[in-house]
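1. need a structure here:
(2 chains)
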Amino acid sequence: MNHLTDETLNEYLDHELADRASAETHLAVCADCAARLAALQALFAELDSLPEEALSRDLAARITPRPSLPAALPRWLTLTATLQAALVVIAIIAAAPFAVDLVSPYLVTVQMPSLTEIVVQFQSQWTTWLDMLSTFRFPAMPQLPPLEISSLMLMIMLAGVSILWLVGNGLLLRKQA
Amino acid sequence: MTAPTDRDLILRARRGDGEAFGELVTRYQKSVFNVCYRMTNERREAEDLTQETFLRIYSRLDTFDLEREFGPWVRRAAANLCLNHLESQKITAELDDDRDAGESSQPESVVEVRERSEQIRVALASLPAHYRAVVELRHYQDLSYDEIAGELHIPLSDVKSHLFRARKLLAEKLK
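-> So this is what the prediction gives:
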C-alpha cells in the first residue's frame, strides 16, 4: 500500500487537494497516514492558538498623514511663468544702459528740475530709446539677413509681453487662492 | 448615529481627511501589529513596521479597490513590508528567554499558555523570511496557494515547498 506523501497531507488540510475522496479512503484504512495527519493538524491548531497581542501605544495618534500637497502647476502655466521671467530679465538688461543715461545727469547736478522738465526729459529719452530700438540692427551674420524692428512691431511686442505677464500672474494668484 | 463604514473613511482619507485615516488606523492597527509581531517577534520593531505600513497605505489609498475589504489588503501589505524588511536586515533568529520575566505571579495555566505562545513565536521567528511570509499568509490571513503566489510574486511550486518545509521545521521545534 502506498502511503500518502507529506505534500498530499498538507494540501488536504489546506483544502487545496483536488482528489480529496481518494485521500480520505486511504486515511480511513491507514493508521500510519492518519497519525501523520493528526500530527499536522496539531501543528495547525498550535499556530491557530497564538493569541493576538495588544499594542503598547496607540498608533492612530502618531500617524498623522501630511495634508495632500497642492497639485503641480500645469505644464503650460509653468512654461508661461518661465518665459515671463526670462522676458523680464531681458527687458531689465536692455533698459539698464538707458536708465543709467537717464539718471546720471541728475546725479551730477544737484539742481532739482521741475516736474514739467522731468516729464519733457522722460518723453525725450523715451522717444530717443524708441528711435534707437527701431533702428537697431543685430550684427550682420553671414547666413542671416539684418533684422529690422519697426516702432509698431516694438509696441506690439511690448504689449504682448505685458499681457503675458498680467495673465500669467493672474493665473498664478488664482491658483494660490 | 451609525459608525462610518471603511469605504466612507477611505473616501474621506483620499480627500486628505487625516481624522478619517486615523479612524482606519484605530480599527486595524491591532491586527496589522500582530502580523508584524508574528513576522519579527520583536515588539518595538513590529510597532515601527505597523506605523510604516499605515504610512505606505496612505500614499497608496488611491489604488485601493473599494469593492474589496480593507483589512485583508492592509494585512497583506504589512506581511510584504515585513518580508522586505527581514530580507534587507538579514535577520537571524535569536532566542529571547527574558521576554516574560516578572510574570511569575500569574496563575500556572496562564503562564503555561504564554510560554507556549512564546515558543511558537520563537519557532516562527527562526524560519527563513520567505517561509515566515507563506505561513503568515496561509495560516493567519487564510490566503490560497494561488493568492500567496500572486502576493509574494513567486511560483506556485515555491509556495508549496516553502509552506511544507516551514511546517516541518515548526513541528520539529515545537515537539
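2. what parts of chain A come near chain B?
-> Proximity of chain A to chain B is confined to A:6-7, A:10-11, A:14, A:16, A:39-40, A:43-44, A:46-65, A:67-68 under the rule Cβ under 8 Å from any Cβ of the partner chain. To be clear about C-beta, it is placed using only N, CA and C from the backbone, and glycine gets the same treatment.
3. state which helix of the chain is the longest.
-> Chain wasn't specified; assuming chain A. When every helix of chain A is counted residue by residue (DSSP state H), the longest turns out to be helix A:75-108.
4. my question was about chain B, not that one.
-> Under DSSP H, chain B gives helix B:18-40 as its longest helix.
5. quick revisit: please check the residues of chain A next to chain B and keep the buried ones.
-> A:10-11, A:14, A:16, A:40, A:43, A:46-47, A:50, A:55, A:59-60, A:63, A:65 (16 or more other Cβ atoms under 10 Å in any protein chain shown).
6. any chance of those residues in a markdown table, plus pLDDT and secondary structure?
-> Output for these, formatted as a markdown table (pLDDT from 0 to 100; DSSP: H, G, I helix; E, B strand; the rest coil):
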| residue | pLDDT | secondary structure |
| --- | --- | --- |
| A:10 | 95 | helix |
| A:11 | 95 | helix |
| A:14 | 95 | coil |
| A:16 | 94 | coil |
| A:40 | 94 | helix |
| A:43 | 94 | helix |
| A:46 | 92 | helix |
| A:47 | 93 | helix |
| A:50 | 92 | coil |
| A:55 | 89 | coil |
| A:59 | 86 | helix |
| A:60 | 84 | helix |
| A:63 | 77 | coil |
| A:65 | 64 | coil |
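7. if we can go back for a sec, list the buried residues for the longest helix of chain B?
-> If you call a residue buried by 16+ other Cβ under 10 Å, then helix B:18-40 has these buried ones: B:18, B:20-25, B:27-29, B:31-40.
8. ok, residue B:170 - contacts?
-> Residues in contact with residue B:170, defined by Cβ atoms under 8 Å, 6 or more residues apart in numbering or on different chains, are A:43, A:47, B:123, B:124, B:127, B:135.
9. and residue A:63, by the same measure?
-> Under the criterion of Cβ under 8 Å, 6+ apart, the neighbours of residue A:63 are B:21, B:22, B:25, B:51, B:54, B:55, B:58.
10. which strand or helix spans the last one?
-> Counting by DSSP states H and E, the element that carries residue B:58 is helix B:43-59.
11. low pLDDT regions in the chain?
-> Because you didn't say which chain, this covers chain A. Low-confidence segments of chain A (pLDDT under 70): A:1, A:64-73, A:107-111, A:139-147, A:175-177.
12. nope, chain B
-> Chain B contains residues with pLDDT under 70 at B:1, B:90-107.
13. tell me which stretches of it form helices.
-> For chain B, the helices defined by DSSP H occupy B:6-14, B:18-40, B:43-59, B:70-89, B:108-125, B:129-135, B:145-152, B:156-173.
14. could you export those as TSV, including distance to residue A:172?
-> Supplementary listing: the helices of chain B in TSV, determined by distance: least, Cβ to Cβ, whole Å:
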stretch	distance to residue A:172
helix B:6-14	27
helix B:18-40	28
helix B:43-59	28
helix B:70-89	39
helix B:108-125	56
helix B:129-135	49
helix B:145-152	45
helix B:156-173	54
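15. for residue A:101, which of the ones you listed is the nearest?
-> helix B:43-59 (57.9 Å; Cβ to Cβ).
16. just want the angle from the closest one to helix B:6-14.
-> Counting by axes from the mean of the first three to the mean of the last three Cα atoms, to 10 degrees, helix B:43-59 points 80 degrees away from the direction of helix B:6-14.
17. what residues sit buried inside the longest helix of chain A?
-> Within helix A:75-108, the residues that count as buried by 16+ other Cβ under 10 Å are A:80, A:81, A:84, A:87, A:102.
18. got the contact list for residue B:154?
-> Contacts for residue B:154 (Cβ under 8 Å, 6+ apart) come out as B:130, B:162.
19. against chain A, how distant is it?
-> When distance is defined by Cβ to the nearest Cβ, to the nearest Å, residue B:154 is 16 Å away from chain A.
20. likewise for residue B:140?
-> 8 Å.
21. contacts only, for that residue.
-> Residue B:140 is in contact with A:47, B:34, B:35, B:38, counting by Cβ under 8 Å, 6+ apart.
22. apply 10 Å and report the result again.
-> Under the criterion of Cβ atoms under 10 Å, 6 or more residues apart in numbering or on different chains, the contact list for residue B:140 reads A:47, A:48, A:50, A:52, B:31, B:34, B:35, B:38, B:39, B:75, B:79.
23. these into JSON lines, with extra columns for distance to residue A:158?
-> Rendered in JSON lines, the data for the contacts of residue B:140 read as follows (distance: Cβ to Cβ, whole Å):
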{"residue": "A:47", "distance to residue A:158": "79"}
{"residue": "A:48", "distance to residue A:158": "81"}
{"residue": "A:50", "distance to residue A:158": "78"}
{"residue": "A:52", "distance to residue A:158": "73"}
{"residue": "B:31", "distance to residue A:158": "67"}
{"residue": "B:34", "distance to residue A:158": "70"}
{"residue": "B:35", "distance to residue A:158": "66"}
{"residue": "B:38", "distance to residue A:158": "72"}
{"residue": "B:39", "distance to residue A:158": "68"}
{"residue": "B:75", "distance to residue A:158": "64"}
{"residue": "B:79", "distance to residue A:158": "65"}
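24. helices or strands next to the longest helix of chain A in the packing?
-> With contacts taken as 3 or more Cβ pairs under 10 Å, 6 or more residues apart in numbering or on different chains; DSSP states H and E, helix A:75-108 sits against helix A:115-134, helix A:151-176.
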